[in-house]
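Student: Take a look and give me a structure for this.
(chains A, B, C and D)
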Protein chains: 4
Amino acid sequence: MTTEKISFRNDYSEGAHPFLLAALQQGALTQEAGYGEDSYSQRAAQVLLDACALSNGEVYFVAGGTLANLVVVAALLKPYESVVAPETGHICVHEAGAIEATGHKVHSLPQQHGKITAAQVEEVIASHDDDHMVHPRLVFLSQPTEFGTLYSRAEIEAISEVCRAHGLWLYVDGARLAAALASRFNDLSLPELARLVDAFYLGGTKNGALLGEAVVFTRPSRDLKFRRHLKQRGALLAKGRLIGAQFEALLRDDLYLTLARHADKAAQELVRGLTSAGCLFAAPPMTNQIFPVLPTALVERLEQRFEFYRWGQRPDYTTVIRLVTSWATTDEAVADFIAEVQR
Amino acid sequence: MTTEKISFRNDYSEGAHPFLLAALQQGALTQEAGYGEDSYSQRAAQVLLDACALSNGEVYFVAGGTLANLVVVAALLKPYESVVAPETGHICVHEAGAIEATGHKVHSLPQQHGKITAAQVEEVIASHDDDHMVHPRLVFLSQPTEFGTLYSRAEIEAISEVCRAHGLWLYVDGARLAAALASRFNDLSLPELARLVDAFYLGGTKNGALLGEAVVFTRPSRDLKFRRHLKQRGALLAKGRLIGAQFEALLRDDLYLTLARHADKAAQELVRGLTSAGCLFAAPPMTNQIFPVLPTALVERLEQRFEFYRWGQRPDYTTVIRLVTSWATTDEAVADFIAEVQR
Amino acid sequence: MTTEKISFRNDYSEGAHPFLLAALQQGALTQEAGYGEDSYSQRAAQVLLDACALSNGEVYFVAGGTLANLVVVAALLKPYESVVAPETGHICVHEAGAIEATGHKVHSLPQQHGKITAAQVEEVIASHDDDHMVHPRLVFLSQPTEFGTLYSRAEIEAISEVCRAHGLWLYVDGARLAAALASRFNDLSLPELARLVDAFYLGGTKNGALLGEAVVFTRPSRDLKFRRHLKQRGALLAKGRLIGAQFEALLRDDLYLTLARHADKAAQELVRGLTSAGCLFAAPPMTNQIFPVLPTALVERLEQRFEFYRWGQRPDYTTVIRLVTSWATTDEAVADFIAEVQR
Amino acid sequence: MTTEKISFRNDYSEGAHPFLLAALQQGALTQEAGYGEDSYSQRAAQVLLDACALSNGEVYFVAGGTLANLVVVAALLKPYESVVAPETGHICVHEAGAIEATGHKVHSLPQQHGKITAAQVEEVIASHDDDHMVHPRLVFLSQPTEFGTLYSRAEIEAISEVCRAHGLWLYVDGARLAAALASRFNDLSLPELARLVDAFYLGGTKNGALLGEAVVFTRPSRDLKFRRHLKQRGALLAKGRLIGAQFEALLRDDLYLTLARHADKAAQELVRGLTSAGCLFAAPPMTNQIFPVLPTALVERLEQRFEFYRWGQRPDYTTVIRLVTSWATTDEAVADFIAEVQR
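Tutor: The predicted model follows:
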């Protein structure tokens, strides 16, 4: 149903940014080639490759993040190869076993604020040198993580080095990558990311699009035949223009960064207000997802006017909640929330 | 690239019907629950169930036909169970092995104008009564077929009887189902279809939507947990409203039938013009896909001004082509084509 | 239960040839490395490679034919790649969808006496040049076929050429390969076979062993890591010696050919007797499986004293039956059967 | 190669117990039905069901443990359902992703000496109540565990209760189940185990057989069609008598317990000798696998005369090793080892 409370529940409650809807409207009646070969998708792909400073990368647009993750993994791995991921990774918890359904094991590593380290990856590799075991072949990270935190450039570099030394693919789930790129805590640019990883996706759904994620292969091989993989998993949209046109709009004048910056700023505003009220955070608040620790009684009061997820109860009568801001979050909503906290 | 010739190549070249775009525009900034639990999807589902005269069916919206087919099959079958389909079925040829990728064999049966018979289904069942064989468990049909032809009510009834007698699911791929329902050759109403089959989908993508197919289970079981299957295959869209709103618009005042009727009529107009020019058809022209057999020299001339698929060369210097009309096909395009043929 | 009639039902009714049981007995108490790295397996592998005139092939022993087929296919193919096989191929009918369960489509081609041609393979390849389709990548044949017939050297050469020209693997199911090699109708030697195909297996189960098939890769790649594939599919036996020791015995002094020759000769004896009684055959009788066409009344009488499969009823009151001979078939059994036919 | 040192490396180095080889020899030339329907398998199954006090259970013989595990899991679970197991479980580490290759996630739980608790299972269930997650549906345990420890009757009862309360299957990997049943530390009889779990297998390979594990369903459903699952995974042996005859011999006069008791006693003898030399153990030594913690210098000396696995280095100059005894372990080998330790 339509929600009535002010929502900090997620960043996909609204439909789409007006510019993107306008892009769909324009030229809705012209004819375009199907299945991703339309002119919108081709232009958007080129702009994205330029933004990544990739001279021979490849871009594919898919409908959602789970689909992106499962097709990439299924395309890159042989049957006996496995994925290394933090235990909080989206593929470990919130994709209903999508990766395993393509036949591959996921190693769930202990994480710190949603992140794993190069040393952990190395350890998994070292402990799987036996014919009776799977062969770790792809490292899955999220930037930002599921806790809204960021890998630093040095951290990604270290993981990238381990991957390259041992022949593993490095893949980044960027459902909220724009929020990372726009964050004032970020030191990893898009071209640097593109240089360090083998594949990633830049998310549209959670940053103003109706749907759509742009999968980027930074060093594509001729053998990959990714379109057949997409088709086989049901991920090749007949009207690819639907995503292409939105991404063209998102990438024009860096709208995707403008929208993400808005979301990040709203989150930082919440952080300021909450901090000044004495609140701590379960993870460093760096992007548009923040995890304040609040007295449970206060949480109950807030729930009467606002929507958000409870992330976990603590024994000391506090509760961790998740607040998510977006391009559509208003200053009033933020001010209201802070006022309610400080009341 | 943008096409410049007049295209009868397919029914998904245009963006979307204006009413559907308007529906997306309206309320684009209101907040809705995610993952198919939005109010648009819920209303659209109810209207569709009413149109099907189903009191306890279930409706799920997915992004495309291949995804619909593969999730339904994966959800309904046990590992050793198989699918029976005509050899021209979309799952047999044009889905890059999507069904097999979920682990299931597809029996490709010889077909007549894209159709199989109850007797053929019975024969497959009878010849697979052995522990060393797969167990046929689901019959896959398309209405209309890949050749634009229609199963009559009696034909579907006969197949349905065989399925129920032997415990098989009957599933219909309705990528162009509206074109079937709107056809003057059709004698199988939506409620009758819903009564005779276990599941089907009503296609949106090829009938005016940006994307979207409505999967209908006519007799759902509590055990199915279809949402988990959808999630696992990457088919649960975060912003389900995107499809829900379009289907709400499509179903309002039977717009989906109005659009399909337009497409069917344009096709019949082509049939009239072609027939009066002495042309034969490779399959009875019943819906918005028709397969005229034309002199190859004429086909070459037509290709200079029109776009369409060549379906097959014949030894007698004729060529079968496929012409597809849609809600967006103009009278001028049809008249032009006929004029060119008759020139 | 223990059968009491004389059986021509199959070639795996007896336990094992005495020499193989003796081999298991010898050294049963010595310690050996596990999982195929025992000395028996290593010696047997080398002898087999020598018999194949392969200088750098690889041999793996697995428990059964279905397991051999599914692990080889799963190891060689990418997700979107498919298998081409005659519709009567074991993988098409009698393996309960084992190949599809690993995610791959099998194209079932029309066959002549169990065989397909190079031209048919070429046609499948030519008609699958599209991103929306699977990519045919492996040709599956059986030598001898499921009808006991043989591919000639020229036929295999032609198929091999097509495969190499288009980058397909050629794989031969040799459950009864020894019966082919020992047949007087055969013109394809083991080294020639090894030169023309990429992989095959030499069956033990149906030629005197308790169990065991020897999978041979004729041109192995370093990347294959077949042992991990074997382990993942449950095909790596802890006591590999069990198969290794039997194959060592089978290969010593070409015992496998001696046993197969016995089986083939018994079948030819049956053919002579049946032919002289005016009997025809549904397929040319070339190895140890023969398919006489007999009056149904005679079949009923024979069934009172003998066991065999009925392969199919014909409208003219005749029935095709399958007779299988083996290394254990006695002269008396053959004479009895012929006498009963000629009575 | 043939090993020359005295080996405590594993319990599958020897061929087979003489009684089992004799059983294969007897009646090797009589004809039997194939694919598990032979008289040996049928008799052995009945004896095993009687030993389990099961009136309507079902028994299937398969070649190895990985195959048993993967076929059972694939047969019992729907695509979105998952397995709960201790992180040291064989399916988590040593089966090359066999379970995931059938499409299912395995939750790897922290363990204590190879065991998990009912509370841990309950927690996994409680934290997976969401459409975006897999649905835990089967608990996988090993008895004894990979550390040679035993679940007590009370522990299994508690886990069984949780499973039944929440509709999960409880399955026990009994590769060394006989060693558990024969242990003086065991308080869980075979009939009690059969009453508390839904399926388990009794291992033959590691207890004197050439190969073979007996999968027991304690409460089979008519829908399971396990033989088709077996066939599809390549697990249906043509000559089922091979395993049936060995199990008949193993079960006669409880030979399987006699052999296991010998192995357990040899291990206890080692424990006594090691303990008297001041040695500690990494896990309570309860069955035929024991894990002494020894000075690394001593380990190096022992390695010159004995074979065994190093399980892990510790920072204090000690090393955990694994010693495995079997039905074939001699008193001299044990005495030699103790003498070398105490030297």
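Student: correct me, but residue A:191 touches residue A:49?
Tutor: No - counting by C-beta atoms under 8 Å, no contact exists between residue A:191 and residue A:49, whose distance comes to 10.5 Å. (Glycine included, C-beta is placed from N, CA and C.)
Student: and these two? which has more neighbours close in?
Tutor: Taking other C-beta atoms under 10 Å in any protein chain shown, residue A:191 and residue A:49 do not tie; residue A:49 has more neighbours (18 against 14).
Student: what residues does the stretch 51-200 of chain A put near chain C?
Tutor: For the stretch 51-200 of chain A, the contact set with chain C under C-beta under 8 Å from any C-beta of the partner chain comprises A:74, A:75, A:78, A:79, A:80, A:102, A:103, A:131, A:132, A:133, A:134, A:135.
Student: residues contacting the residue in the stretch 51-200 of chain A that chain C sits nearest to?
Tutor: Taking C-beta to the nearest C-beta as the measure, the stretch 51-200 of chain A has residue A:80 as its residue closest to chain C, at 4.0 Å. Remark: with contacts taken as C-beta atoms under 8 Å, 6 or more residues apart in numbering or on different chains, residue A:80 is in contact with A:134, A:135, C:225, C:228, C:229, C:231, C:232, D:96, D:97.
Student: ditto for residue A:264
Tutor: A:179, A:182, A:183, A:184, A:287, A:288, A:325.
Student: Can you say which of those are buried?
Tutor: Those of the contacts of residue A:264 that meet the buried threshold are A:179, A:182, A:183, A:287, A:288, A:325, by 16 or more other C-beta atoms under 10 Å in any protein chain shown.
Student: what's the closest of these to chain B?
Tutor: Looking at those and their distance to chain B, the nearest is residue A:325, at 12.8 Å (C-beta to the nearest C-beta).
Student: I'd like the distance between that closest one and chain D.
Tutor: Applying C-beta to the nearest C-beta, to the nearest Å, one obtains 22 Å for the distance of residue A:325 from chain D.
Student: And for residue A:218?
Tutor: From residue A:218 to chain D the distance is 27 Å (C-beta to the nearest C-beta).
Student: check contacts around that residue.
Tutor: By C-beta under 8 Å, 6+ apart, residue A:218 lies in contact with A:52, A:54, A:57, A:194, A:195, A:197, A:198, A:199, A:200.
Student: Then residue A:297?
Tutor: Counting by C-beta under 8 Å, 6+ apart, residue A:297 makes contact with residue A:317.
Student: Please export the alpha-carbon coordinates of the strand or helix carrying it; PDB is fine.
Tutor: Assignment of secondary structure by DSSP states H and E places residue A:297 within helix A:296-303. Once non-C-alpha atoms are left out, helix A:296-303 reads as follows in PDB (Å, rounded to 0.1, in the frame of the first residue of the first chain):
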ATOM      1  CA  THR A 296      14.600   1.300  22.400                       C
ATOM      2  CA  ALA A 297      12.000   3.600  23.900                       C
ATOM      3  CA  LEU A 298      13.000   6.400  21.500                       C
ATOM      4  CA  VAL A 299      12.900   3.900  18.600                       C
ATOM      5  CA  GLU A 300       9.300   3.000  19.500                       C
ATOM      6  CA  ARG A 301       8.400   6.700  19.600                       C
ATOM      7  CA  LEU A 302      10.100   7.400  16.300                       C
ATOM      8  CA  GLU A 303       8.200   4.500  14.700                       C
END
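Student: those helices in chain A, which residues are they?
Tutor: In chain A, the helices defined using DSSP state H lie at A:18-25, A:39-51, A:65-76, A:90-93, A:98-101, A:118-126, A:153-166, A:177-181, A:190-196, A:226-232, A:241-251, A:255-276, A:296-303, A:331-342.
Student: could those go into CSV alongside mean pLDDT?
Tutor: Compiled in CSV, the helices of chain A are given as follows (pLDDT from 0 to 100):
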stretch, mean pLDDT
helix A:18-25, 93
helix A:39-51, 97
helix A:65-76, 98
helix A:90-93, 96
helix A:98-101, 98
helix A:118-126, 98
helix A:153-166, 98
helix A:177-181, 98
helix A:190-196, 98
helix A:226-232, 97
helix A:241-251, 97
helix A:255-276, 98
helix A:296-303, 96
helix A:331-342, 96
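Student: a markdown table for the ones you listed, including distance to residue B:307?
Tutor: A markdown table is the format used below for the helices of chain A (distance: least, C-beta to C-beta, whole Å):
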| stretch | distance to residue B:307 |
| --- | --- |
| helix A:18-25 | 23 |
| helix A:39-51 | 15 |
| helix A:65-76 | 29 |
| helix A:90-93 | 41 |
| helix A:98-101 | 37 |
| helix A:118-126 | 50 |
| helix A:153-166 | 45 |
| helix A:177-181 | 37 |
| helix A:190-196 | 37 |
| helix A:226-232 | 21 |
| helix A:241-251 | 17 |
| helix A:255-276 | 33 |
| helix A:296-303 | 57 |
| helix A:331-342 | 50 |
